[in-house]
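Asks: task: produce atomic coordinates for the following.
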Amino acid sequence: MTLKSLTNEAKTTNRYDYICQYWRIEEKHFSNSDCVVGSSDKKTNILLWGDSNAAHYIGILGSIAKEQKWSFRNVSHAACPPIFNDVKPYVKVERYDDCRASVDLVRSQLKQYQTIFISAAYDSYARKSPGFMDDFEQTVNSLVKNNHQVILIGKAPVYKDFDRHCLAKSITYPWRDCFNLKQSYKLEIDAINTRLLNFSKSIDNVEYVDFNSVICEKNCSPYKGGKPIYFDSSHIEIQSSWQLGKQLIENNLIPKPFNALISPRE
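Replies: Residues are numbered from 1 along each chain as shown. Below is the predicted model:
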């Protein structure tokens, strides 16, 4: 294998016009047609909201949306939890004002959306404060009380030792083992995903999905077919996200909650 063939050219999310992830969400992001993904319809009542752990699912959701002919708007704020409670325990001091303003703005815009996908780095926030999952569930309850359908997306595996440039580096350092990586925070993430699933079963108009079956098709790894599908330790690379969505479609594994999604037409 040559260095060129092993060089990782993955791009960060902010290099894609259709990924609307910012350090402060603004009103213009709710009218920007670039932020709508899926079918050709730019009018939609479906929203993907969260942090970067929501944004990395845009390819999966986009593949399914194109297949089923619906579309969704996406807005995300990196390292800012999608909760209505005070975000102070979960963010850096210098990011608090931007995060709080982003959450307040999203909340003011939610009346436009019937269905809301939400995902986040649940485990990361829970390590900062043990009350996070309670805060998150209170937010979901509030959305349901306001007649929204909510689809919770679970947390993907994390690999703290993953290096997307490992294969290229292994040419110079052939003893590097790029593939034998253990999951990080596995028990925490499994427990949180189970809690989200059980929570969804306990309340009407809330569904739970995750894509870990396709990520961990044979064994859990940030690689598929000998190539990395992750961008860093906890984020799926966007082009790989699109491929994972196509794989779900090809294997007839589209989660059932998606079948009822239809974007409004003009």
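Asks: shouldn't residue 25 be within a strand?
Replies: No. Read with DSSP: H, G, I helix; E, B strand; the rest coil, residue 25 is coil and lies in no strand.
Asks: confidence score at it?
Replies: Listed pLDDT for residue 25 reads 97.
Asks: now swap in the one 3 residues further on and tell me
Replies: Among the per-residue scores, residue 28 shows a pLDDT of 96.
Asks: looks to me like it is in a helix.
Replies: Yes. Membership of residue 28 in a helix is supported by three-state DSSP.
Asks: tell me, how many neighbours does it end up with?
Replies: Applying other C-beta atoms under 10 Å, we find 8 residues neighbouring residue 28. Quick note: C-beta positions are derived from backbone N, CA and C, even for glycine.
Asks: give me the three-state assignment for the residue sitting nearest the centre point of the chain.
Replies: Closest to where the C-alpha atoms of the chain average out (C-alpha atoms, centre = their mean) is residue 54, at 2.2 Å. Remark: residue 54 carries the secondary structure label helix [criterion: three-state DSSP].
Asks: report the contact partners of it.
Replies: 48, 74, 76, 82, 117-120, 153 (C-beta atoms under 8 Å, 6 or more residues apart in numbering).
Asks: and the longest helix for this protein?
Replies: If you go by DSSP state H, the chain has its longest helix at helix 186-201.
Asks: mind listing the helices for the stretch 1-150 of the chain?
Replies: In the stretch 1-150 of the chain, the helices defined using DSSP state H, counting those that start in this stretch lie at 3-6, 52-55, 58-68, 96-109, 122-128, 132-145.
Asks: sorry, back to before: so which elements touch the longest helix of the chain?
Replies: Secondary-structure packing of helix 186-201 (3 or more C-beta pairs under 8 Å, 6 or more residues apart in numbering; DSSP states H and E): helix 122-128, helix 132-145, strand 149-153, strand 206-209.
Asks: show me where the stretch 151-266 of the chain has strands.
Replies: For the stretch 151-266 of the chain, the strands defined by DSSP state E, counting those that start in this stretch cover 206-209, 223-224, 227-228.
Asks: tell me which strands the longest one pairs with, and in which orientation.
Replies: Translated: strand 206-209. strand 149-153 (parallel) (DSSP bridges).
Asks: next: the second one.
Replies: If you go by DSSP bridges, strand 223-224 pairs up with strand 227-228 (antiparallel).
Asks: which one is residue 38 nearest to, not counting chain neighbours?
Replies: Nearest residue to residue 38, sequence neighbours excluded (C-beta to C-beta, 6 or more residues apart in numbering): residue 65, at 2.9 Å.
Asks: how about residue 44, phi and psi?
Replies: Phi and psi for residue 44, reported as degrees, to the nearest 10, are phi -140, psi 150.
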